[in-house]
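Engineer: Need coordinates for the following:
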Amino acid sequence: MKSRSGTLRITLLAGATAVAIGGVAQAQETNEARIARLETTLAELQGQLADLKAASAASVGQVRAAQQATVVSLGNGRPTIATGDGQFTAAFRGVFQLDGAIHDQDDAGPLASDFRRGSFNDATENERARDLSDGLNFRRVRLGIEGKAFGDFEYSFLYDFGGSGNEEGGKVSAAWLQYNGLGFAMVRIGAFPPPTSLEDAASNASSLFAERPAPAELVRGLAGGDGRTGLGIYAGGNRWTAAGVLTGNLVGTQTYDEQTGFVGRVSYVPFKRTDALIHLGANVNLVLSPAATGPGLPGGAASPIRLRERAELRVDGTRLIDTGNIDADGVTALGLEFGAQRKNLYLQAEYFDIAVERRSSALPDPDFSGWYIQTSWILTGESRRYNAAGGFDGPRAAKPFDLKAGTWGAWELAARYSVLDLNYRENDLPALGSIRGGEQSIFSLGLNWYVNNGVTLQAAWRNVSVDRTSPGGTAFGAGVATPALGTEVGQDLNIYSFRTQYAF
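Structural biologist: Residues are numbered from 1 along each chain as shown. Model prediction:
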């Protein structure tokens, strides 16, 4: 019995040992499988990570390539080239304006009996004042380029082949560089038109009529205008603008001592809604030091200031009001601005006071003034656009002209009344210190057709009234060229005009 019992124990012990060994072996196999599976998963993850890195690298490369790629577009007919990141842009600009006019005035007579006159001591203008030229004139033919460079810089170059009364030689209209990196303001240097008034803040391709109101145009020419050299600071926000520009001569004008001037303007929108706004503004245009006509010898050379203006059209360049040269130390022109818009109705008005300080003279300092009011009603419902410079640009046609589609662009009725008074003590006798420059009043009605975003056609009628008396002497020239003191040398006339414009 003991031997059987011992044998059973040995057998059980051997079985248990075999089971244990088998369990350990199975456990070892399970762990090895798990490790193998983990290694396989890790390898797959490493592969996926490598693929992700490769894809990310490719995406970054594509983004960089896109940033460096050149993009060419033709929005609204304006060719534009830009880098993908917007750091560099170049947009081509062009303006073509062809004006035609018919002057309805009394038939001309000889100088001895027909006393209508133009500018002082200008035989050509005095002949033309009695028979203003009908015909065509390329008012503006401008080509240029503008854009950004290195993100923070902006530039513009614009060349003009048009002119007043006839096709002039080409001249620089704008050539400037501007830095925008300050954040709160922009600094501009070069040749450019500083913002002299509310009317000047609108594009010349968006004017309500072919020309600006006479008082605004005269003030613009004091220290501003196209091609005026200057250094300026511009700032603005959602409802306000401010600008200050120190100016010099016009490009191409050479004098002994260059004129120095200052143009400043502020504007504010106290009321603004989706379809309505009110604009208030003020401007100052200063001639700080008029250009000298000779070397700076003891006593100084004469530094004349001359105020004169056309009848709000340039087909004939004759000026019908003119102060003549005033030897001056400077000029101060102060202006007030008002503008309002509600849906397709628009109203704008400005007043200017122009004071001239005589140089080394006991004569009184003359003071002149001018004002205008203009309005429009867009028949097709569009609105004039209030721009970032604080001015009103023309509308965009909601439905450009298309005969097949039966759409007719945007149509606008316009009206303006302007007064420019260049008389000072004109009734004084004796005439010592008086200035008989004349007072010009113009009532204008117009119809504007915005065919599409590039083509505009304008038709207008102007009634011009000039009240002006002769200062006598040889003011207009020797002999019969100058009527006797107090003789009326102004006139009333009608002007019918038409403009064809393409701008991009």
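
Engineer: what stretches of the protein score poorly on pLDDT?
Structural biologist: The model of the chain has pLDDT under 70 over residues 1-31, 36, 39, 43, 47, 51, 54-68, 165-168.

Engineer: Go again with 80.
Structural biologist: 1-69, 76, 164-169, 296-299, 430-431 (pLDDT under 80).

Engineer: What are the buried residues along the top strand by length along it?
Structural biologist: Longest strand of the chain, by residue count under DSSP state E: strand 321-342. For strand 321-342, a neighbour-count test (16 or more other C-beta atoms under 10 Å) marks 321-324, 326-333, 335-337, 339-341 as buried. Yep, even glycine has a C-beta here, placed from its N, CA and C like the rest.

Engineer: next one: stretch 473-490
Structural biologist: Across stretch 473-490, burial judged by 16+ other C-beta under 10 Å covers Ala475, Phe476, Ala481, Thr482, Pro483, Val489, Gly490.

Engineer: Helices of the protein, residue ranges please.
Structural biologist: For the chain, the helices defined by DSSP state H occupy 2-68, 123-128, 214-223.

Engineer: For Tyr351, name its beta-bridge partners.
Structural biologist: Beta-bridge pairing for Tyr351 (DSSP bridges): Leu336, Trp371.

Engineer: Output the longest strand of the chain as CSV - backbone C-alpha positions only.
Structural biologist: Written as CSV, here are the backbone C-alpha positions of strand 321-342 (Å, rounded to 0.1, in the frame of the first residue of the first chain):
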residue,chain,number,x,y,z
ILE,A,321,-12.6,137.4,-63.4
ASP,A,322,-9.1,138.4,-62.3
THR,A,323,-7.6,140.5,-59.5
GLY,A,324,-4.3,141.0,-61.4
ASN,A,325,-1.0,140.7,-59.5
ILE,A,326,-1.1,141.8,-55.8
ASP,A,327,2.4,142.1,-54.2
ALA,A,328,1.8,140.1,-51.1
ASP,A,329,3.4,138.6,-48.0
GLY,A,330,0.9,135.8,-47.9
VAL,A,331,-2.7,134.6,-48.2
THR,A,332,-5.1,133.0,-45.7
ALA,A,333,-8.1,131.1,-47.0
LEU,A,334,-10.5,129.7,-44.5
GLY,A,335,-13.3,127.3,-45.4
LEU,A,336,-16.4,125.7,-43.8
GLU,A,337,-17.9,122.5,-45.2
PHE,A,338,-21.4,120.9,-45.0
GLY,A,339,-22.6,117.7,-46.6
ALA,A,340,-25.6,115.5,-46.2
GLN,A,341,-27.0,112.4,-47.8
ARG,A,342,-30.1,110.3,-47.4
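
Engineer: which strands and helices sit next to that strand?
Structural biologist: Judged by 3 or more C-beta pairs under 8 Å, 6 or more residues apart in numbering; DSSP states H and E, strand 321-342 is in contact with helix 214-223, strand 276-289, strand 304-309, strand 345-358, strand 410-424, strand 435-450.

Engineer: and the ones you listed, which is most packed in?
Structural biologist: The highest average neighbour count among the helices and strands packed on strand 321-342, using mean count of other C-beta atoms under 10 Å, belongs to helix 214-223 at a mean of 24.

Engineer: Output that one as CSV, nothing but the C-alphas.
Structural biologist: What follows is helix 214-223, C-alpha atoms only, in CSV (Å, rounded to 0.1, in the frame of the first residue of the first chain):
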residue,chain,number,x,y,z
ALA,A,214,-15.2,128.1,-59.1
PRO,A,215,-14.5,129.2,-55.5
ALA,A,216,-13.3,125.7,-54.5
GLU,A,217,-11.1,125.5,-57.6
LEU,A,218,-9.5,128.9,-56.9
VAL,A,219,-8.7,128.0,-53.3
ARG,A,220,-7.3,124.7,-54.5
GLY,A,221,-4.8,126.5,-56.6
LEU,A,222,-3.3,128.6,-53.8
ALA,A,223,-1.3,125.9,-52.0
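
Engineer: what sits up against it?
Structural biologist: The set of residues external to helix 214-223 that reach it, using C-beta atoms under 8 Å, 6 or more residues apart in numbering, is 193-194, 196-200, 211-212, 247, 259, 261-263, 285-287, 307-312, 331, 333, 335, 350, 352, 354, 369-372, 418-420, 440, 442.

Engineer: could you redo the last one with a cut-off of 6 Å?
Structural biologist: The contact list for helix 214-223 (C-beta atoms under 6 Å, 6 or more residues apart in numbering) reads 196-197, 199-200, 247, 261, 263, 285, 287, 309, 312, 331, 333, 352, 370, 418, 420.

Engineer: now do stretch 184-196
Structural biologist: By C-beta under 6 Å, 6+ apart, the surrounding residues in contact with stretch 184-196 are 172, 174-180, 201, 219-220, 224-227, 229-235, 243, 245, 251, 263, 265, 285.

Engineer: out of these, which are inside strands?
Structural biologist: Counting by DSSP E, those contribute 172, 174-179, 229-235, 243, 245, 263, 265, 285 to strands.

Engineer: Selection in PyMOL covering whichever of those are buried, please.
Structural biologist: With 16+ other C-beta under 10 Å as the burial test, the buried ones among the ones in strands among the contacts of stretch 184-196 are selected in PyMOL as follows:
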select buried, resi 172+174+175+176+178+229+230+232+234+243+245+263+265+285
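
Engineer: Find the centremost residue of this structure, please.
Structural biologist: Ser203 (4.5 Å; C-alpha atoms, centre = their mean).

Engineer: what's the distance between the residue nearest to that one when sequence neighbours are not counted and Ser207?
Structural biologist: Nearest residue to Ser203, sequence neighbours excluded (C-beta to C-beta, 6 or more residues apart in numbering): Asp393, at 5.5 Å. From Asp393 across to Ser207, the span is 9 Å (C-beta to C-beta, to the nearest Å).

Engineer: of the two, who's got more company?
Structural biologist: Ser207 (23 against 16; other C-beta atoms under 10 Å).

Engineer: give me phi/psi at the more buried one?
Structural biologist: The phi and psi values for Ser207, taken as degrees, to the nearest 10, are phi -60, psi 150.

Engineer: What is the neighbour count of Leu250?
Structural biologist: Neighbour count for Leu250, taken as other C-beta under 10 Å: 17.

Engineer: let me redo that: Gly151
Structural biologist: Per other C-beta under 10 Å, the neighbour tally for Gly151 reads 12.

Engineer: Spatially nearest residue to it, not counting backbone neighbours?
Structural biologist: Gln87 (4.7 Å).

Engineer: Arg117 too?
Structural biologist: Spatial nearest neighbour of Arg117, excluding adjacent residues (C-beta to C-beta, 6+ apart): Val489 at 4.2 Å.

Engineer: rewinding a little: the residue nearest to the centre of the chain and Arg140: what is the separation?
Structural biologist: As judged by C-beta to C-beta, Ser203 and Arg140 stand 11 Å apart.
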